[in-house]
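K.L.:
What follows is a protein structure lacking sequence information:
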Ligand code: NZQ
Ligand code: ZN
């Protein structure tokens with residue numbers, strides 16, 4: 001196992017009925033709250049009214065309309081509101097997009113320049129307002145991690161930035177808030193959780209056995225419960241397992257003792273930067289093609305472990321076994337209702353070279369689990385087309 005640091009600072013309030021403690025939680029930081037939310041789902045599900053009633057005694061300033069793949073323009077507006085209203089704490093209510101936007105807003109409140117600078121260079125993040133989240137979508141893990149991903153559609157750039165100071169202070173995780181998710185968001189969120197695990201599981205280091213077992217358990221949880229949630233959106237057991245899987249998949253726990261640069265996420269971020277597609281859908285499309293592309297003698301053992309331990313497959317022929325595990329992955333996403341071709345999500349064939357070039361320009365793909373050149377990325381994208 002490699003040396004590692006693991007510090008879990010987020011106070012998780014998991015389950016129904018914790019939200020009543022929101023005033024007490026926020027009160028610790030001050031009376032001026034910036035409430036950040038998306039396009040209106042929280043109003044439809046009644047959460048907006050619940051929170052407004054709970055926060056009657058606070059000065060609540062609202063930033064609504066934060067987009068999926070949150071845009072820097074929303075962040076800039078949030079920063080303006082923080083400065084104008086002397087905000088004490090940022091409350092993100094929604095999915096990863098609201099939480100990510102909130103993180104950069106919370107840092108921008110103390111930054112004089114354009115908050116896009118904080119996305120381009122995380123070293124400029126010096127001070128951050130406290131962040132509290134009420135999660136409504138199981139996917140990103142943003143509720144307990146240091147990452148934020150922001151898009152600039154003018155320049156076709158979608159970049160991640162990170163700071164320990166971004167890690168939310170408190171996150172309310174009520175699985176019943178997931179009941180209203182559209183099927184596609186449930187499926188895409190699950191694909192995102194699985195991809196976070198794949199990115200950490202498919203790495204060189206074979207000595208972090210415990211971390212690998214945790215990875216396999218999270219993927220198995222997704223495979224077991226996503227179909228249940230799709231079939232019965234109000235199945236609490238399914239929603240609660242998926243919600244906790246989302247948090248554990250990307251809070252630093254499962255990469256303890258191993259790690260390395262990711263592959264599918266950098267490729268997907270370019271798809272979103274140019275075509276604004278749903279993150280989890282892009283990942284589901286790319287992942288099986290990437291797996292097939294990198295399958296070789298060098299990676300065989302790990303793919304066989306994956307096939308055996310996650311899918312329960314058996315067989316003497318390693319190559320056949322590994323391929324079957326990959327096929328199962330593809331079929332699972334397909335059965336969850338995810339469109340599994342890039343052409344189906346509006347990506348044009350003539351853009352594939354540009355997307356591949358952008359991937360290798362923005363990321364060092366030569367130190368991934370299996371190094372990829374621009375041509376390799378383009379081949380994978382063609383296979384997904
Ligand atoms: O905008 P509203 O109206 O709220 O609707 C949202 C949005 O349209 C809807 N929704 C959320 N909760 C709902 C609901 N609809 C009904 N009922 C509910 N309970 O779902 C749509 C998608 O929301 P979004 O927040 O965009 O989804 P997600 O949580 O998947 O976040 C995706 C963003 O996070 C980034 C992605 O790149 C993307 O920008 N990521 C962030 C990471 C991180 N911070 O660590 C890591 C990830 O790899 C990822 O890159
Ligand atoms: Zn992701």
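P.N.:
In hand now; what should we look at? If you're wondering where the values come from, they're calculated on a predicted model, not measured in any experiment. Ligands and ions are numbered 1, 2, ... in the order given.
K.L.:
The nearest residue to residue 374 once chain neighbours are set aside: what's it in contact with?
P.N.:
Using Cβ to Cβ, 6 or more residues apart in numbering and skipping residues adjacent in sequence, the residue nearest residue 374 is residue 360, 4.5 Å away. Every C-beta, even on glycine, is put in place using the N, C-alpha and C of the backbone. Residue 360 is in contact with 372-374, 377, counting by Cβ atoms under 8 Å, 6 or more residues apart in numbering.
K.L.:
of all the residues in the stretch 201-350 of the chain, which ones are close to ligand 1?
P.N.:
250, 265, 279-280 (Cβ under 6 Å from any ligand atom).
K.L.:
can you do 5 Å?
P.N.:
Taking Cβ under 5 Å from any ligand atom as the test, the list of the stretch 201-350 of the chain residues beside ligand 1 reads residue 279.
K.L.:
all helices for the stretch 201-350 of the chain, in order.
P.N.:
Taking DSSP state H, counting those that start in this stretch to define them, one finds helices in the stretch 201-350 of the chain at 209-231, 236-249, 264-275, 279-294, 300-311, 318-335.
K.L.:
Identify, out of those helices, the most deeply packed stretch.
P.N.:
Here the criterion is mean neighbour count by mean count of other Cβ atoms under 10 Å, and of those the winner is helix 279-294, at a mean of 24.
K.L.:
Quick check: the residue of the stretch 201-350 of the chain nearest ligand 1.
P.N.:
residue 279 (3.9 Å; Cβ to the nearest ligand atom).
K.L.:
so that residue touches residue 97, yeah?
P.N.:
No - Residue 279 is beyond contact range of residue 97, at 9.0 Å (criterion: Cβ atoms under 8 Å).
K.L.:
Can you check which residues contact both of these two?
P.N.:
By Cβ under 8 Å, 6+ apart, the residues touching both residue 279 and residue 97 are 68-69.
K.L.:
got a list of what the nearest residue to residue 214 once chain neighbours are set aside touches?
P.N.:
Nearest non-adjacent residue to residue 214, counting by Cβ to Cβ, 6+ apart: residue 254, 4.7 Å away. Residues near residue 254 by Cβ under 8 Å, 6+ apart: 197, 200-201, 211, 214-215, 218, 248.
K.L.:
Among those, give me the pair with the biggest separation.
P.N.:
Farthest pair in the contacts of residue 254 (Cβ to Cβ) is 201 and 248. Separation: 13.2 Å.
K.L.:
Now do the contacts for the spatially most central residue of the chain.
P.N.:
Central residue of the chain (Cα atoms, centre = their mean): residue 140, 2.3 Å from the mean position. Residue 140 makes contact with 95-96, 99-100, 147, 192, 246, 250, 279, according to Cβ under 8 Å, 6+ apart.
K.L.:
Need phi/psi at it.
P.N.:
phi -80, psi -30 (degrees, to the nearest 10).
K.L.:
So residue 322 sits against residue 297, correct?
P.N.:
No - look at residue 322 against residue 297 with Cβ under 8 Å: they stay out of range, at 10.6 Å.
K.L.:
quick one on the thing from earlier: any idea how far the residue nearest to residue 214 is from residue 160?
P.N.:
Residue 254 is 18 Å from residue 160, where distance means Cβ to Cβ, to the nearest Å.
K.L.:
Nearest to residue 115 among the helices of the stretch 201-350 of the chain would be which one?
P.N.:
helix 264-275 (17.6 Å).
K.L.:
From the chain's centroid, how far away is the closest one?
P.N.:
13 Å (Cα atoms, centre = their mean, to the nearest Å).
K.L.:
what does stretch 80-100 give?
P.N.:
With Cα atoms, centre = their mean, you get 19 Å for stretch 80-100.
K.L.:
For ligand 1, give me its nearest residue in the stretch 51-200 of the chain.
P.N.:
residue 95 (2.4 Å).
K.L.:
Look up how far residue 111 lies from the closest residue to that residue other than its chain neighbours.
P.N.:
Nearest in space to residue 95, with sequence neighbours left out and distances taken as Cβ to Cβ, 6+ apart, is residue 137 at 3.3 Å. Per Cβ to Cβ, residue 137 is found 28 Å from residue 111.
K.L.:
which of these two has more neighbours?
P.N.:
residue 137 (27 against 18; other Cβ atoms under 10 Å).
K.L.:
looking at it, the more buried one is touching residue 94, isn't it?
P.N.:
Yes - using Cβ under 8 Å as the test, residue 137 is close enough to residue 94 to be in contact (7.1 Å).
K.L.:
Could I get the phi/psi values of the residue nearest to residue 214?
P.N.:
phi -80, psi -10.
K.L.:
what pLDDT does it get?
P.N.:
The model reports residue 254 with a pLDDT of 96.
K.L.:
hmm, back to that, now pLDDT too, for the contacts of residue 140, in a markdown table please.
P.N.:
As requested, the contacts of residue 140 are exported to a markdown table (pLDDT from 0 to 100):
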| residue | pLDDT |
| --- | --- |
| 95 | 98 |
| 96 | 98 |
| 99 | 98 |
| 100 | 98 |
| 147 | 98 |
| 192 | 98 |
| 246 | 98 |
| 250 | 98 |
| 279 | 98 |
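K.L.:
Just the buried residues of those.
P.N.:
In these, burial by neighbour count holds for 95-96, 99-100, 147, 192, 246, 250, 279, counting by 16 or more other Cβ atoms under 10 Å.
K.L.:
Which members of these are positioned in strands?
P.N.:
residue 147 (DSSP state E).
K.L.:
partners of residue 33 in the sheet?
P.N.:
Beta-bridge partners for residue 33, by DSSP bridges, are residue 60, residue 89.
K.L.:
That one reaches residue 86, doesn't it?
P.N.:
No - here residue 33 lies out of contact with residue 86, judged by Cβ under 8 Å, at a distance of 11.2 Å.
K.L.:
Good, we can wrap up now.
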